[in-house]
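K.L.:
Using only what follows, build the 3D model:
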Amino acid sequence: LQALGFLLASMAGSIAVVIVVHLLLGLGASAAFAPLISDVSQWFMRRRGIAVAIAASGNYLSGTLWPPIIVWVMADGGWRWAYVMLAVAILVVVLPGSLLLRRRVGDAATLVATQAAATRAAATGLSPRTLQIMLMIAGVGCCVAMSMPQVHIVALCIDRGFGAVAGAEMLSLMLAGGVVSRLTFGALADRMGGLKTLLLGASLQMVALCLFLIDGGLTSLYIVSLVFGLSQGGIVPSYAIIVREYMAPREAGRRVGLVMAATIIGMALGGWLSGWMYDISGSYALAVWNGIGWNVITIAIAMAILLRIGTPRPALA
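P.N.:
This is a model prediction of the structure:
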């Protein structure tokens, strides 16, 4: 779907066609990421955090490598050739790589994981459905906040007079920091669990967002972009870890997929909201404050679940 979407985009005759084709690209991307993360999470118990983090680092690593390449291709051959290049890359790399995924986990390992998840879930006093909804709301909140710098950093650079090339470099720097933070937070998740990792990542992301309110020079914006990348990379993978820690393995694919869908909705909503707020205010300050507000929702949900775990549950007669 992604390869087809990129090829169709390269032949688009209007911006409306490009927008429609990007819906196809979104379907392809979402259909690949969530099953991959779910599959990896089921194959690991002791080192699940770092395993999920390594798998999830792929899109950040590609986000680090591709922007400068795409800018170079567009400068030399135009945006149509950039789309063609991406389509070919997917067919050559992603399609063969998907054949390397392992089979389902054995029944014995699944039974052990199910019992462990049931014990943890009982400590929260929440039904799987309630916990699922809370995680989805948290996913929307953190990604509305996350999308502001990731989607609009190039436009922000242009707005401040630094140019699109500097913006692409900052995006690469941001995503490179995301690779480091995903691996770091993955290792932390193996020690402190997915919920505490989510709370820590969301809190650091909010602090980093506040730094974008400082109207500094070019160098300071490079630094802030790196700090933001280092702060938020572990947030999205932590949701898959939480699902595997508190929900039955047989439901992991569906439940991880729902939470990942919520994060994608958050990215789409946040990207649009940030652009709309810039249009009505003439500045990205309002968009940053909007992201901070949504980020508070994620922090509140993570804290609420953790507090329930720390509170003794009444025994049933």
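
K.L.:
For the stretch 101-250 of the chain, give me the ranges with low pLDDT.
P.N.:
102-121, 123 (pLDDT under 70).

K.L.:
let's see 50
P.N.:
Residues of the stretch 101-250 of the chain meeting the criterion pLDDT under 50: none.

K.L.:
Residue 5 touches residue 25, doesn't it?
P.N.:
Yes: here residue 5 reaches residue 25: they are 3.9 Å apart, a contact under Cβ atoms under 8 Å. Any C-beta I mention is one placed from the backbone N, CA and C, and that applies to glycine too.

K.L.:
Could you check how far the closest residue to residue 237 other than its chain neighbours is from residue 221?
P.N.:
By the measure of Cβ to Cβ, 6 or more residues apart in numbering, the closest residue to residue 237 outside its immediate chain neighbours is residue 56, 4.3 Å from it. Residue 56 is 26 Å from residue 221, where distance means Cβ to Cβ, to the nearest Å.

K.L.:
swap in residue 194?
P.N.:
With distances taken as Cβ to Cβ, residue 194 is found 32 Å from residue 221.

K.L.:
And those two? Which one has more around it.
P.N.:
Comparing residue 194 with residue 221 by other Cβ atoms under 10 Å, the one with more neighbours is residue 194, at 28 against 22.

K.L.:
Just give me the residue closest to the centre of this structure.
P.N.:
In the chain, the residue lying closest to the centroid (Cα atoms, centre = their mean) is residue 236, at 4.5 Å.

K.L.:
which residues touch it?
P.N.:
When contacts are counted by Cβ atoms under 8 Å, 6 or more residues apart in numbering, residue 236 touches 56, 139, 142, 143, 260, 263.

K.L.:
okay, residue 5 and residue 25: which has more neighbours?
P.N.:
More crowded of residue 5 and residue 25, by other Cβ under 10 Å: residue 5, with 23 against 19.

K.L.:
can you pull the contacts of the more buried one?
P.N.:
Contacts of residue 5 by Cβ under 8 Å, 6+ apart are 21, 22, 24, 25, 28, 87.

K.L.:
Mind telling me what element the fifth one is part of?
P.N.:
It refers to residue 28. Assigned by DSSP states H and E, residue 28 belongs to helix 15-42.

K.L.:
what's the average pLDDT for that helix?
P.N.:
Throughout helix 15-42, pLDDT has a mean value of 76.

K.L.:
List the buried residues of that helix.
P.N.:
Within helix 15-42, the residues scored as buried using 16 or more other Cβ atoms under 10 Å are 21, 24-26, 28, 30, 32-42.

K.L.:
After that helix, which helix or strand is next? Please name it.
P.N.:
Scanning forward in sequence from helix 15-42 by DSSP H and E, the next helix or strand is helix 48-77.

K.L.:
Can you spell out which helices and strands pack onto that next one?
P.N.:
Applying 3 or more Cβ pairs under 8 Å, 6 or more residues apart in numbering; DSSP states H and E, we find helix 48-77 packed against helix 15-42, helix 79-89, helix 164-192, helix 235-246.

K.L.:
mean confidence for it?
P.N.:
78.

K.L.:
between it and helix 15-42, how many degrees?
P.N.:
Calculated by axes from the mean of the first three to the mean of the last three Cα atoms, to 10 degrees, helix 48-77 forms an angle of 150 degrees with helix 15-42.

K.L.:
Relative to the whole chain's centre, how far out is helix 48-77?
P.N.:
Chain-centre distance of helix 48-77: 13 Å, with Cα atoms, centre = their mean, to the nearest Å.

K.L.:
that older thread, and which of the contacts of residue 236 is nearest residue 67?
P.N.:
Set against residue 67, the nearest of those by Cβ to Cβ is residue 56 (18.8 Å).

K.L.:
how close does the closest one get to residue 94?
P.N.:
15 Å.

K.L.:
And those two? Which one has more around it.
P.N.:
Taking neighbours as other Cβ under 10 Å, residue 56 and residue 94 compare with residue 56 leading, 25 against 14.
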